[in-house]
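**Q** Return atomic coordinates for the entry below.
(2 chains)
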Amino acid sequence: ETGVTQTPRHLVMGMTNKKSLKCEQHLGHNAMYWYKQSAKKPLELMFVYSLEERVENNSVPSRFSPECPNSSHLFLHLHTLQPEDSALYLCASSRGTSDLDEQFFGPGTRLTVL
Amino acid sequence: SQKIEQNSEALNIQEGKTATLTCNYTNYSPAYLQWYRQDPGRGPVFLLLIRENEKEKRKERLKVTFDTTLKQSLFHITASQPADSATYLCAGGYQKVTFGTGTKLQVIP
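**A** Numbering: from 1, shown residues only, chains lettered A, B, ... in the order given. Below is the predicted model of the structure:
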């Protein structure tokens, strides 16, 4: 395994629900990322955290709210999602935020919004 | 906007042959290209990075090239095996990393 875990692995939610995705890394890395992967589309970077501070937010709708309480944990809080938000949500970590740093990905959470 | 294109959605190849996957970039000049492998139900796994000043890089049965004239990277798997079947993602980096949509490789026994 890569040292990055994600829970839950699968999530089905209605548009009015509130849920959270959790990511934990056991690699001692300082940077963590959220990506969205939709079918036949490139991986889309959503958020970047470095040492618990958000350093990048790629025009993500406010219905997605990240939280990074410490350098090992990352959450993505979801509320009033739309069906088009259904996708695989991937968490990754790296030593730093240099774009040359190798990223280690978790297995993802498969999200379905009904 | 920066774009990474992997034009082949899928590629089937006979076991033992060399698989060649193509990655083209447009509207920018990445300082490096990365290749990842992704299996169903799993996140991408980093394989190789090649910088713009490197023509070729090898790792075991894998070889990657970077042609700045053609704006293209080729990813080769020699002596391919069924276990190599997966989706391979190309990513180009310059200030930020841009991913392609991937090529699904099927190695047929």
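**Q** Number of residues surrounding the residue nearest to B:Arg51 when sequence neighbours are not counted?
**A** Nearest residue to B:Arg51, sequence neighbours excluded (CB to CB, 6 or more residues apart in numbering or on different chains): B:Tyr32, at 4.6 Å. C-beta here means a position set from N, CA and C on the backbone, and glycine is covered the same way. Look at B:Tyr32: counted by other CB atoms under 10 Å in any protein chain shown, it has 19 neighbours.
**Q** So what sits opposite B:Tyr32 in the bridge?
**A** B:Arg51, B:Gly93 (DSSP bridges).
**Q** In this structure it contacts A:Glu102, no?
**A** No: between B:Tyr32 and A:Glu102 no contact is recorded; they are 11.4 Å apart, counting by CB atoms under 8 Å.
**Q** Now do the shared contacts for the two.
**A** Residues touching both B:Tyr32 and A:Glu102 (CB atoms under 8 Å, 6 or more residues apart in numbering or on different chains) are B:Leu49.
**Q** Let me see the backbone angles for the residue of chain A found nearest chain B.
**A** Residue nearest to chain B within chain A: A:Phe105 (2.9 Å; CB to the nearest CB). With angles defined as degrees, to the nearest 10, A:Phe105 sits at phi -100, psi 150.
**Q** Is it bridged to anything, and to what?
**A** Beta-bridge partners, per DSSP bridges, of A:Phe105: A:Ala92.
**Q** Contact partners for it?
**A** A:Thr2, A:Val4, A:Tyr35, A:Leu90, A:Cys91, A:Ala92, B:Gly43, B:Pro44, B:Val45.
**Q** Near the nearest residue to the second one once chain neighbours are set aside, how many other residues are there?
**A** Excluding the flanking residues, the one nearest A:Val4 by CB to CB, 6+ apart is A:Gly106, at 3.9 Å. Under the neighbour criterion other CB under 10 Å, A:Gly106 is assigned a count of 28.
**Q** Also A:Val55?
**A** Using other CB under 10 Å: A:Val55 sits among 11 other residues.
**Q** ditto for A:Arg110
**A** 16.
**Q** Not counting residues beside it along the chain, what's closest to it?
**A** Closest to A:Arg110 by CB to CB, 6+ apart is A:His10, at 4.9 Å.
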